[in-house]
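K.L.:
okay, here's the prediction I keep looking at, along with the sequence it came from:
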Amino acid sequence: MSDKPSPAGYLSLAYRGISEFPPALVRYAESIRDLDISHNEFTDLKSLAPITQLVSLVVDNNHINSHVKFPYLPNLRILYINHNDISNLSVFIERCAASFPDLVQLSMMNNEAAPSYFNGGNVQQYIDYRLFVISHFPKLATLDDTTVSTEERANARALYGARMTRGKKPSVKS
């Protein structure tokens, strides 16, 4: 288990019991493209702010809730945030859209805010969830394990309009 990124920019800090990005690793921040911090104790992601070139982030099985504080990571394209404590979809997705404007792939399965058959949700709740999320990310191609269809994108726009505000960098408060 290495504590520095691979030559391709991959770093795994999974299963470390950590709650923030280790300050000793900040010196590698510019070379990290793909980061796995799954199965840890993260409650917010502010400590990832120095990793400005991050493209892929896996945050599965942490303690992230709807009010998580995200840094602005405009290069992030892939976010896996499954098995966390996200219960308010609107709050969470607004924060994601402001911090990761060009997401292409998002997976947030097994969170209360992502209704499915497996966590007690019904078909209509699942459809509404997908349309709401799709309306916030114009480049989203995959939500959870399903490709975003042209029909879904049109339905999302018809129901919610274009929610995304481009070019607005959110403020990150401590």
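P.N.:
Received it, and whenever you're ready, just let me know what you need. In this text, all values refer to a predicted model and were calculated from it rather than measured experimentally.
K.L.:
pull the contacting residues for Asn110.
P.N.:
Asn82, His83, Phe118, Asn119 (C-beta atoms under 8 Å, 6 or more residues apart in numbering). In short, each C-beta sits where N, CA and C put it, glycine included.
K.L.:
what does stretch 33-43 rub up against?
P.N.:
With C-beta under 8 Å, 6+ apart, stretch 33-43 has contacts from 5, 8-21, 48, 51, 53-65, 68, 80.
K.L.:
for it, buried residues please.
P.N.:
Within stretch 33-43, the residues that count as buried by 16 or more other C-beta atoms under 10 Å are Arg33, Asp34, Leu35, Asp36, Ile37, Ser38, His39, Asn40, Phe42, Thr43.
K.L.:
check stretch 16-23 too.
P.N.:
By neighbour count with 16+ other C-beta under 10 Å, stretch 16-23 contains the buried residues Phe21.
K.L.:
got it, and stretch 134-148?
P.N.:
Those would be Ile134, Ser135, His136, Phe137, Pro138, Leu140, Leu143, Asp144, Val148, for stretch 134-148 by 16+ other C-beta under 10 Å.
K.L.:
of these, closest to Leu89?
P.N.:
For these, the residue nearest Leu89 by C-beta to C-beta is His136; the value is 10.1 Å.
K.L.:
isn't that closest one up against Arg95?
P.N.:
No: assessed by C-beta atoms under 8 Å, His136 is found out of contact with Arg95, at 10.3 Å.
K.L.:
what are the ranges of the strands in this protein?
P.N.:
10-12, 34-36, 56-58, 78-80, 105-107, 142-143, 146-147 (DSSP state E).
K.L.:
for these, which one sits closest to Ser87?
P.N.:
Once the strands of the chain are compared by C-beta to C-beta, strand 105-107 is nearest, at 16.7 Å.
K.L.:
circling back to that earlier point, I'd like the strands of the chain as JSON lines, with distance to Val91 and mean pLDDT appended.
P.N.:
What follows is the strands of the chain, written out as JSON lines (distance: least, C-beta to C-beta, whole Å; pLDDT from 0 to 100):
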{"stretch": "strand 10-12", "distance to Val91": "29", "mean pLDDT": "97"}
{"stretch": "strand 34-36", "distance to Val91": "24", "mean pLDDT": "98"}
{"stretch": "strand 56-58", "distance to Val91": "19", "mean pLDDT": "98"}
{"stretch": "strand 78-80", "distance to Val91": "16", "mean pLDDT": "98"}
{"stretch": "strand 105-107", "distance to Val91": "15", "mean pLDDT": "98"}
{"stretch": "strand 142-143", "distance to Val91": "18", "mean pLDDT": "98"}
{"stretch": "strand 146-147", "distance to Val91": "23", "mean pLDDT": "97"}
